[in-house]
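Asker: Provide a 3D model corresponding to the input given below.
(2 chains)
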Number of protein chains: 2
Amino acid sequence: MSLITLGTMAFDSIETPFGKIDKIVGGSATYVAYAASHLMKPVQQISIVGDDFPKEEMDELKKRGVQMEGVEIVKGKKSFFWSGKYHLDMNTRDTLVTDLNVLADFNPIVPSSYQGAEFLMLGNLMPSLQINVINQLQKRPKLIVLDTMNFWMDTALAELQKVITMIDVLLINDTEARQLSGEFSLVKAAKKVMEMGPKYLIIKKGEHGALLFHENHVFFAPALPLEDVFDPTGAGDTFAGGFMGHLARTRDLSFDNMKTAIIVGSAMASFCVEKFGPQRLKEISKEDIDIRLQEFVQLVNFDIDLV
Amino acid sequence: MSLITLGTMAFDSIETPFGKIDKIVGGSATYVAYAASHLMKPVQQISIVGDDFPKEEMDELKKRGVQMEGVEIVKGKKSFFWSGKYHLDMNTRDTLVTDLNVLADFNPIVPSSYQGAEFLMLGNLMPSLQINVINQLQKRPKLIVLDTMNFWMDTALAELQKVITMIDVLLINDTEARQLSGEFSLVKAAKKVMEMGPKYLIIKKGEHGALLFHENHVFFAPALPLEDVFDPTGAGDTFAGGFMGHLARTRDLSFDNMKTAIIVGSAMASFCVEKFGPQRLKEISKEDIDIRLQEFVQLVNFDIDLV
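Answerer: A predicted model of the protein is given here:
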């Protein structure tokens, strides 16, 4: 039941209305790994870093069952760096700096020890690299989940359209669903996007929760109402890690279990936003996660009788 | 278990990205009455209209168990008229015309036959009139629910602050909760608003659902994802009517039953937006409502196990 994760491992500098922090560890694969490794092992990482990426962070991830054989360390070069500033609503942000660094020449290699993985999480990255990794797998995983963003719709649409024919679950936000489909109604957008390939579509709406579409079914998972969203960086990746981690742990791909997986993803994301970077994901215990899951039950559970 | 409803009965002209309609019946008390009367009887209306308000509409409401003794008909004058245009997101709109007409001199009188009502729904209206009606009741209702809007926060804040000390449940939208509290976080806003008086606060978020706050509890009800929101006019009033109608029908004021009432309100609102004006609320049957309620169960119901 191993899970391969492709994505960035990076440094972020983040400014929010609540504070500012310079050069902390981030990256889509980092968040996915921290979240998923609470739920199952091993997570098999595919990424690239410079020799500036902290050895302690690698060790911390290894300790949690994250395998690093697929992470290339490039001597004399710097890790990917992103810097952004969030607006007050925390749903929108400006990118201040994007230094690709090692990512510019990334040519992911799937280690032979990763072959046979049942689950593949393609974190937000160039679609060509996502296709590259799928093509290296000798046996198609049971479930391939793809995260992407509007940047690739603007700059690499043909490759993005190709990769979404190769996957099972697509993760995008509401703005991206509208852009990709040309439909304003999310229900109509979902139908059009599923016609492009994916059997399942998850539309993330930030503080407004997430929608899961499959055939004619729809499921809604709320975000937990929090006093403060301290730093949303990585929340989407953490959601993906929790979602994928739950499915890999239970190996049940029914629609009902996908619902549960989205709640688990939402719960993990609700921790992520409580502190800068992946810090909270390192602190929390299984008990913390269980308590949070019960809060989600309380949040949406209701009894109904007929009128 | 009668329910008194105070609010407007009016004409609306509405423009949406999907169409345009001139001078159809609307008003907060009209929508509340159509929604609530699907669930319980009698609804005891307090409102004011001109002699232009259609007799057939009055008769239709009466047929549904809505009592009209408290509705003043002013000869030779016109009913309240509102005209608005919705933006593409359907969550925001511009008011084009507001003709108060009979509403300018409205002095609501509670008929003696309404005395003893257990439930009072104060629809969106001048706070002084809402206070006036509460003060006329010889016995305080079991539950008083108040709907209001930012317009009264801007123009009649002192009276609004007074009336919210006299009620049990306050209904406002997210922007209004932020304005009233001065807090951006809805969780913090809810705490501050509840300190002003109401034991329960419902924050409506349009297509993003609604939150119910009470002490340290929070419940979230989604909006049903629809292919098209055709006309959102009256959706908030219909939500209030469904919420109040369910509580009046069941006479159970527990937090658990409030949760169910919010789902019923959301279901009624989901019909309202399917056509212009209150049309859909006239067409639907008990069976339609039950089917819709089951769709809400499917939409948010999930199983959880511990991790």
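
Asker: identify the residues contacting the closest residue in space to residue A:305 that isn't next to it in sequence.
Answerer: Counting by C-beta to C-beta, 6 or more residues apart in numbering or on different chains, residue B:260 is the residue found nearest to residue A:305 once chain neighbours are left out, at 7.6 Å. Just so you know, the C-beta spots here come from the backbone N, C-alpha and C atoms, and that holds for glycine as well. Residue B:260 makes contacts with A:302, A:303, A:304, A:305, B:246, B:250, as judged by C-beta atoms under 8 Å, 6 or more residues apart in numbering or on different chains.

Asker: 6 Å instead?
Answerer: A:302, A:303, A:304 (C-beta atoms under 6 Å, 6 or more residues apart in numbering or on different chains).

Asker: which of those residues come close to chain B?
Answerer: A:302, A:303, A:304 (C-beta under 6 Å from any C-beta of the partner chain).

Asker: angles on the backbone of residue A:88, please.
Answerer: phi -60, psi -40 (degrees, to the nearest 10).

Asker: give me the neighbour count for it.
Answerer: Neighbour count of residue A:88, defined by other C-beta atoms under 10 Å in any protein chain shown: 9.

Asker: do you know the pLDDT at the closest residue to it other than its chain neighbours?
Answerer: What sits nearest to residue A:88 in space, not counting adjacent residues and going by C-beta to C-beta, 6+ apart, is residue A:17, at 5.4 Å. Note on residue A:17: pLDDT of 87.

Asker: and the one 3 residues further on, by the same measure?
Answerer: pLDDT recorded at residue A:20 is 93.

Asker: residue numbers of the stretch 1-150 of chain A in contact with chain B?
Answerer: Residues of the stretch 1-150 of chain A lying close to chain B by C-beta under 6 Å from any C-beta are residue A:39.

Asker: same thing but at 10 Å, please
Answerer: Residues of the stretch 1-150 of chain A lying close to chain B (C-beta under 10 Å from any C-beta of the partner chain) are A:17, A:38, A:39, A:40, A:88, A:89, A:90.

Asker: tell me the secondary structure at residue A:102.
Answerer: Under DSSP: H, G, I helix; E, B strand; the rest coil, residue A:102 falls in the helix class.

Asker: quick check: it touching residue A:51?
Answerer: Yes: in this structure, residue A:102 is within contact of residue A:51 by C-beta atoms under 10 Å, at 9.5 Å.

Asker: between these two, which contacts overlap?
Answerer: By C-beta atoms under 10 Å, 6 or more residues apart in numbering or on different chains, residue A:102 and residue A:51 have these common neighbours: A:73, A:74, A:77, A:78, A:79.

Asker: tell me where the model's unsure across the stretch 101-250 of chain A.
Answerer: For the stretch 101-250 of chain A, no stretch is flagged by pLDDT under 70.

Asker: would you map the helices across the stretch 101-250 of chain A?
Answerer: With DSSP state H, counting those that start in this stretch, the ranges of helices along the stretch 101-250 of chain A come out as A:127-136, A:150-155, A:157-163, A:174-181, A:186-195, A:235-250.

Asker: just want the angle from the fourth one to helix A:186-195.
Answerer: Spelled out, that is helix A:174-181. Angle, helix A:174-181 to helix A:186-195, by axes from the mean of the first three to the mean of the last three C-alpha atoms, to 10 degrees: 60 degrees.

Asker: and residue A:264, how far is that from residue A:235?
Answerer: 14 Å (C-beta to C-beta, to the nearest Å).

Asker: between those two, which has more neighbouring residues?
Answerer: Shown here are residue A:264 and residue A:235; by other C-beta under 10 Å, residue A:264 has more neighbours (32 against 24).

Asker: might you report the residue contacts of that one?
Answerer: Residues near residue A:264 by C-beta under 10 Å, 6+ apart: A:35, A:38-39, A:221, A:239, A:241-247, A:249-250, A:289, A:292-293, A:296, B:302, B:304-305, B:307.

Asker: what's the angle from the helix or strand encompassing it to helix A:235-250?
Answerer: Using DSSP states H and E, residue A:264 sits in helix A:255-272. If you take the same axes, to 10 degrees, helix A:255-272 sits at 140 degrees to helix A:235-250.

Asker: wasn't residue A:253 part of a strand?
Answerer: No: according to three-state DSSP, residue A:253 belongs to no strand; its state is coil.

Asker: measure how buried it is and give me the count.
Answerer: 16.

Asker: and for residue A:214?
Answerer: Number of residues near residue A:214 (other C-beta under 10 Å) recorded here: 18.

Asker: ok, back up a step: nearest to chain B among the contacts of residue B:260?
Answerer: Nearest to chain B, judged by C-beta to the nearest C-beta, of those is residue A:302 at 4.3 Å.

Asker: give me the element the closest one is part of.
Answerer: Residue A:302 belongs to no helix or strand when assigned by DSSP H and E.

Asker: now do the helix or strand hosting residue A:31 against helix A:255-272, angle only.
Answerer: Assigned by DSSP H and E, residue A:31 belongs to helix A:28-36. Helix A:28-36 runs at 110 degrees relative to helix A:255-272, counting by the same axes, to 10 degrees.

Asker: quick one on the thing from earlier: and the helices of the stretch 101-250 of chain A, which is most packed in?
Answerer: helix A:235-250 (a mean of 28; mean count of other C-beta atoms under 10 Å in any protein chain shown).
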